[in-house]
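Peer 1: Provided below are the primary sequence and the corresponding predicted coordinates.
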Amino acid sequence: MTILILSSLLIIGLILLLIEVLFIPGTTIVGILGLGITLAGIVYAFVSYDSETAYWIIGTAAILNLIAVWYGFSSGVWNRFSLKSSMQGGAFDGRTLGLSVGMIGKAVSDIKPIGKAEFGDTSYEVKSEDGFIEVGREVSIIKIENNKIIVK
């Protein structure tokens, strides 16, 4: 029964350590719990067996845990979890293409400070530099930043 309890503690600690290294990156509670259970197994070995046998158990547990950590880092498991692509786009999506600073348009809704204005045949969401602009007033573009159209 003693060997069953000891081996269970050491194997559960090793499995938790493997789960930590292979599936849950970073130092989390699973790794700490695995280390704690392994240490409990080592303490149990010293309580249950003579010191020479307990040192053999410590050595075996340490070697198995080091092999598990080494395998986890060298197996390439991180490549399965890592991001392979990156975003190439940005905040500009082309909504303001065809517009330029100084263009004259007409407010089709109250702009307080955000509303709609029409430039050419297309309606755009705009922001007023000065605050309120009533519907039907003439507006001109004073600045275009990314997708924001600032009017006056």
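Peer 2: Received, thanks. Because the structure is a prediction, the values reported are computed rather than measured. Residues are numbered from 1 along each chain as shown.

Peer 1: how much space between the nearest residue to A40 once chain neighbours are set aside and L16?
Peer 2: On the basis of Cβ to Cβ, 6 or more residues apart in numbering, the spatially nearest residue to A40 that is not a chain neighbour turns out to be L9, at 5.6 Å. Yep, even glycine has a C-beta here, placed from its N, CA and C like the rest. Separation of L9 from L16 (Cβ to Cβ, to the nearest Å): 11 Å.

Peer 1: list residues touching both of these two?
Peer 2: I37 (Cβ atoms under 8 Å, 6 or more residues apart in numbering).

Peer 1: which SS class is K127?
Peer 2: strand (DSSP: H, G, I helix; E, B strand; the rest coil).

Peer 1: Thought V151 was touching it, still the case?
Peer 2: Yes. Between K127 and V151 a contact is recorded at 7.1 Å, counting by Cβ atoms under 8 Å.

Peer 1: out of these two, which sits in the busier spot?
Peer 2: V151 (26 against 15; other Cβ atoms under 10 Å).

Peer 1: phi, psi of the more buried one?
Peer 2: phi -120, psi 160 (degrees, to the nearest 10).

Peer 1: Could you tell me how many residues sit around the closest residue to it other than its chain neighbours?
Peer 2: When the adjacent residues along the chain are set aside, V151 lies closest to V139, with 4.2 Å between them (Cβ to Cβ, 6+ apart). Using other Cβ under 10 Å, V139 is surrounded by 23 other residues.

Peer 1: again, but for I57
Peer 2: 20.
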